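>>> For reference, the sequence and a predicted model appear below.
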Amino acid sequence: MDAGAVDSIADRLRVVMERMRQAALSVGREPDSVRLVAATKAVSVERVREAIAAGLRVAGENRLQEAIPKMQALRDEPIRWHFVGHLQRRKVRDVVGRFDLIHSVDTLELASEIDRRAEAAAIRQDVLLEVNIAGEPTKTGFPPGQLEEQLTHFSGMTHLRVRGLMTIPPPVDNPEQARGHFRTLRELAGSLSGQDVPGVAMTELSMGMSSDYVVAVEEGATFVRVGTAIFGRRDV
């Protein structure tokens with residue numbers, strides 16, 4: 001099905017999920033090994049509800065103030081929530097425990113604050129470590145060359161569970177140009193998986209968005225964050 005020939009959210013969602021499935025099969029992966037996180041920033045409750053009715057099961061929000069009303073309005077729907085945007089330390093208290101997974105832990109200080117807030121809430125918060133894979137000065141994230149030595153600091157964070165890595169590569173005109181960045185993240189996760197750090201695993205890779213999610217799946221993504229390809233362009 002041609003994504004340009006469909007108009008409804010349900011049709012677009014089916015296109016994305018089928019392309020994910022085909023990409024996984026093309027490299028010998030099980031389709032269920034990669035999951036869709038629909039980026040719902042600036043998407044109305046009604047449109048998110050339409051996507052849920054069509055089979056969406058995980059939504060990703062960038063902004064806490066926008067997410068909370070949606071989560072309340074959709075609390076009876078079969079949907080899970082991930083936090084995928086930049087997280088400020090002053091908002092950690094309201095994010096911890098509210099989202100199943102935080103994709104964007106970009107400093108040790110932020111991780112420590114999440115651990116502290118999770119301990120106060122008597123929970124264990126799942127997170128991904130954001131990696132600035134291309135060393136872009138305008139982006140946050142752990143430098144890939146420093147992550148190995150910093151990983152040991154997580155051993156004392158008993159209320160935070162690192163499940164893997166996330167990255168946003170530089171904008172490209174051709175999805176193939178992003179392949180090397182995705183491959184680098186996968187290889188980094190592989191090299192880190194040999195470290196025996198309590199509470200740290202490298203089983204998840206969050207990478208790929210509307211323009212390049214197929215390539216990301218081919219390179220090992222377990223989560224892809226897709227918004228425009230499902231909901232269309234939004235003024236954000």
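Looks like it came in fine.
>>> As a check, name the ranges of all strands in this protein.
For the chain, the strands defined by DSSP state E cover 35-39, 58-61, 80-83, 101-105, 125-130, 160-166, 200-206, 223-226.
>>> Show the pLDDT at R21.
R21 is assigned 98 on the pLDDT scale.
>>> Contact partners for it?
P31 (CB atoms under 8 Å, 6 or more residues apart in numbering). C-beta here means a position set from N, CA and C on the backbone, and glycine is covered the same way.
>>> Then R19?
Counted by CB under 8 Å, 6+ apart, R19 has contacts Y213, V214.
>>> now swap in T167 and tell me
Counted by CB under 8 Å, 6+ apart, T167 has contacts E130, V131, N132, I133, G141, H181, F182, L185, S206, M207.
>>> Let's see that with 6 Å instead.
Contact analysis of T167 by CB atoms under 6 Å, 6 or more residues apart in numbering lists V131, I133, L185, M207.
>>> Same check on A216?
F182, M207, G208, V224.
>>> so the second one touches T222, yeah?
To tie it back to what came earlier, the one meant is M207. No. Using CB atoms under 6 Å, M207 makes no contact with T222, being 8.9 Å away.
>>> More neighbours: these two, which one.
M207 (31 against 19; other CB atoms under 10 Å).
>>> Low-confidence regions, this structure specifically.
1-6, 235-236 (pLDDT under 70).
>>> hmm, back to that, closest to H82 out of the contacts of A216?
Of all the contacts of A216, H82 sits closest to V224, with 11.7 Å by CB to CB.
>>> Tell me if I'm right that that closest one and Y213 touch.
Yes. Counting by CB under 6 Å, Y213 is a contact partner of V224 at 4.1 Å.
>>> Kindly reformat the strands of the chain as JSON lines and extend each row with mean neighbour count and distance to G190.
Converted to JSON lines, these look like this (neighbours: other CB atoms under 10 Å; distance: least, CB to CB, whole Å):
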{"stretch": "strand 35-39", "mean neighbour count": "23", "distance to G190": "20"}
{"stretch": "strand 58-61", "mean neighbour count": "24", "distance to G190": "25"}
{"stretch": "strand 80-83", "mean neighbour count": "20", "distance to G190": "23"}
{"stretch": "strand 101-105", "mean neighbour count": "25", "distance to G190": "19"}
{"stretch": "strand 125-130", "mean neighbour count": "25", "distance to G190": "15"}
{"stretch": "strand 160-166", "mean neighbour count": "23", "distance to G190": "10"}
{"stretch": "strand 200-206", "mean neighbour count": "20", "distance to G190": "7"}
{"stretch": "strand 223-226", "mean neighbour count": "26", "distance to G190": "17"}
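>>> residue contacts, V226?
V16, S210, Y213 are the contacts of V226 under CB under 6 Å, 6+ apart.
>>> hmm, back to that, which single one of the contacts of A216 is nearest to A42?
Nearest member of the contacts of A216 to A42, counting by CB to CB, is V224, at 18.9 Å.
>>> Can you tell me how far the closest one is from D7?
As defined by CB to CB, to the nearest Å, V224 lies at a distance of 22 Å from D7.
>>> Reformat the contacts of T167 as CSV; add distance to G28.
Below are the contacts of T167 laid out as CSV (distance: CB to CB, whole Å):
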residue, distance to G28
V131, 25
I133, 24
L185, 19
M207, 19
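>>> So which of those is the closest to E149?
Out of the contacts of T167, the member with the shortest distance to E149 (by CB to CB) is V131, at 14.0 Å.
>>> what's the neighbour count on the residue nearest to A10 when sequence neighbours are not counted?
Of all residues not flanking A10 in the chain, A54 sits nearest, at 3.7 Å (CB to CB, 6 or more residues apart in numbering). For A54, the count of nearby residues is 16 (other CB under 10 Å).
>>> My understanding was that A54 contacts L13; is that so?
Yes. Assessed by CB under 6 Å, A54 is found in contact with L13 at 4.9 Å.
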